[in-house]
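Asker: The sequence isn't on hand, but the structure is:
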DNA sequence: TTCGAAAATGTCACCGGTGTCAATCCTAAT
DNA sequence: ATTAGGATTGACACCGGTGACATTTTCGAA
């Protein structure tokens, strides 16, 4: 394939002379090179890059051809500087469960693949008083295109407020709205809790306990409320002494389950607010000498990989975490596309029945 | 505190007029503002920011004072553009174990905290033929300051070669050197394998099996070699039919263990090349009706969180993964500091004895 | 006191894009 | 043919720093 012959239209900018059969140095061309070769101003090239509708089709095609030929890629840093907005998507998280975080990451990366955006990690410690300030300064400095906030960061009202003030877009992943309006991926945690309750009730359990997360998490209440609702439908109630907090952690789950088992009338079934705590419950139950599921049934929540790795495998409520991450990123990017941005996408949980639940044995 | 009175030295650049008692807009000042207030050229300010030694102490102090007063922070994008080098550290990974990845991430973030660098995730699929090209284009576009390569990406010789060509710094986390010299965090996987072997031998086991990772991973061979070496010291040998591949995955571990147990003379103890496979072995062993550790002892490798969550808890070989991630990032950043960059940091594994191993029961 | 080299500091273009607004090109209506 | 008004395109400054090199200080040695 021949290039045009104009003697001036030669090589991409920097007059690097390279010996003989050099591999085409794709990718190092700049917008100026493209403009020169296409015989238009760099501004027009810029318009094409940014898909401005105000470029004649013919011009656009010509420029695109040059871009392809040169393997031109706009420089993210330069663009960021000029626009005062980088191509970074920040994942701001503070979640006790690594599995959860990894899956969210994967989902986001799925959605970001092929775009110009990069995922940067920004863990945050909500127990520190300056956590909001830190995030603000991150935003001021790096000017991320947007943020994704999974729980429990997503439930931080002061943070949401600060974010609305700041110049960032963000998407929350949470089970409930905040007072501050914002775009979000909503999970129907209540339905999940209900599914768990119904499953146990259907199996014939009558004496059921619950290990819940920290009271400061909205999801804790959602899951429990759904659970109690389902029990109520069968005429059951969750007795106060059968509801214990497990902090959403493995260790918390162990302690909580031990507490339950130490009572005069231990439960036949336990619904843990997440898989981590359910895993802890496994340990406590075994230590106490009970069998799963023959003596005690256990249900978890999240369906993290560990659920399938336990023995017997854990019956749990699955949230499509990876898909949620992906949806969150997609939602975030819609602003970029100028598309009519949806405000809310809802995901429903689904109960995955495995080996940790069974009908209670006849006494 | 009063400012100087010169009528011109007023507000930071952009003549935004704000009504009355505005909160001091810290952080939005630019290098020009600093230069003006400090009555020096922006270049000198730049020198201070970059800790150039060629600035008089007095000047430096004055400028630092202004920087502090203004809450000035240099703009990463602008710096990146001018230097042709961004402030991103890329984590290029392709690891079947999410736990591993998360811990590496944490370690890196520990080290990056307080610096100007940000961590960006760059998963990569080594099974795709263009994976090196993709990474190259990532580098060309985003000009990351450096990359961190955990296994198995760290064992990719072609990638290392390409990286040496490209304009990036990188640190490998691996158990062995590559032909291409590079800075690295080395783990003595062989010693870990040996520790596992010694532990089982010391307990009195004589009939021991091994589930190893993919043959394409160097660590697979390292771990196995160390293991066999330790057995040899006790006069034991790993019989060929007692060594099965488990692909470093849970499912692979299940299948491999089933294979071992189906043999006419099943092993008394199993050393799995990582915790994922050990977890799989748990399931297979249970399914086959054996007890852990009474009938069969199991040892893992990595000490990922799941090890402590199993019942009984898994005896395993621990690598300080988080610390390794941190060390890798620190090593990478040393170039920035102009410090004498170390080339190699070695981490030794340590066996963590928990409940999954015991002396074989008298037959 | 004078001079020269080292130490400090400044100048100015440039990194590779985008925003603003003016200039030019078209097309249909007059 | 002429012209108004929208469609295209271009000119130019600017985003906020850094690199290369010039200029000015500074200070000990002559």
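Answerer: Looks like it came in fine. What you see is a predicted model; the values in this text were computed from it and never measured.
Asker: ok, now which ones touch residue A:108?
Answerer: The neighbours of residue A:108, taking C-beta atoms under 8 Å, 6 or more residues apart in numbering or on different chains as the test, are A:89, A:91, A:119, A:148, A:325-326, A:328-329. The way it works is simple: take the backbone N, C-alpha and C, and place the C-beta from them, glycine included.
Asker: An error on my part: the question was meant for residue A:204.
Answerer: By C-beta under 8 Å, 6+ apart, the contact list for residue A:204 reads A:359-360.
Asker: likewise residue A:208?
Answerer: Residues in contact with residue A:208, defined by C-beta under 8 Å, 6+ apart, are A:197, A:200-201, A:231, A:236, A:238, A:242, A:267-271.
Asker: from the contacts of residue A:108, which is closest to DNA strand D?
Answerer: DNA strand D lies nearest to residue A:89 out of those, by C-beta to the nearest atom of the strand, at 21.0 Å.
Asker: what is that closest one paired to in the beta sheet?
Answerer: Note on residue A:89: beta-bridge partners by DSSP bridges are residue A:119, residue A:146.
Asker: In the stretch 101-250 of chain A, mark out all the strands, start to finish.
Answerer: A:118-123, A:146-149, A:169-174, A:183-187, A:208-212, A:243-245 (DSSP state E, counting those that start in this stretch).
Asker: okay, the ones you listed in CSV with mean pLDDT next?
Answerer: Conversion of these to CSV gives the following (pLDDT from 0 to 100):
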stretch, mean pLDDT
strand A:118-123, 97
strand A:146-149, 97
strand A:169-174, 95
strand A:183-187, 94
strand A:208-212, 98
strand A:243-245, 98
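Asker: Chain A against DNA strand D: which residues are in contact?
Answerer: Within chain A, the positions near DNA strand D by C-beta under 7 Å from any atom of the strand are A:39-44, A:47, A:53-56, A:58-60, A:78, A:81-82, A:84.
Asker: Could you pick out the residues of the stretch 51-200 of chain A near chain B for me?
Answerer: A:73, A:75-78, A:80-81, A:86, A:88, A:98-99, A:101-103, A:105-106, A:109, A:118-123, A:137, A:140-143 (C-beta under 8 Å from any C-beta of the partner chain).
Asker: which among the residues you listed are in contact with DNA strand C?
Answerer: A:73, A:75, A:78, A:81.
Asker: which among those residues end up buried?
Answerer: With neighbours counted by 16 or more other C-beta atoms under 10 Å in any protein chain shown, these contain buried members at A:73, A:75, A:81.
Asker: and residue A:42, what does it touch?
Answerer: A:31-32, A:34-35.
Asker: coming back round to it: could you dump the buried ones among the ones next to DNA strand C among the residues of the stretch 51-200 of chain A next to chain B into JSON lines with secondary structure added?
Answerer: Converted to JSON lines, these look like this (DSSP: H, G, I helix; E, B strand; the rest coil):
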{"residue": "A:73", "secondary structure": "coil"}
{"residue": "A:75", "secondary structure": "coil"}
{"residue": "A:81", "secondary structure": "helix"}
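Asker: For those residues, give me TSV that also has pLDDT.
Answerer: TSV is the format used below for those (pLDDT from 0 to 100):
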residue	pLDDT
A:73	94
A:75	96
A:81	96
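Asker: Format the residues you listed as TSV; extra columns: distance to residue A:127.
Answerer: Output for those, formatted as TSV (distance: C-beta to C-beta, whole Å):
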residue	distance to residue A:127
A:73	42
A:75	39
A:81	35
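Asker: Among those residues, which one lies nearest to DNA strand D?
Answerer: residue A:81 (4.0 Å).
Asker: returning to what we had before: turn the ones next to DNA strand C among the residues of the stretch 51-200 of chain A next to chain B into CSV, including distance to residue A:154.
Answerer: Shown next, in CSV, are those (distance: C-beta to C-beta, whole Å):
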residue, distance to residue A:154
A:73, 34
A:75, 33
A:78, 33
A:81, 30
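Asker: ok, so of these, who is nearest residue B:133?
Answerer: Using C-beta to C-beta, residue A:73 comes nearest to residue B:133 of these, at 13.3 Å.
Asker: show me where the stretch 1-150 of chain A has helices.
Answerer: Assigned helices in the stretch 1-150 of chain A, in chain order: A:31-38, A:42-49, A:57-70, A:76-83, A:98-112, A:131-142 (criterion: DSSP state H, counting those that start in this stretch).
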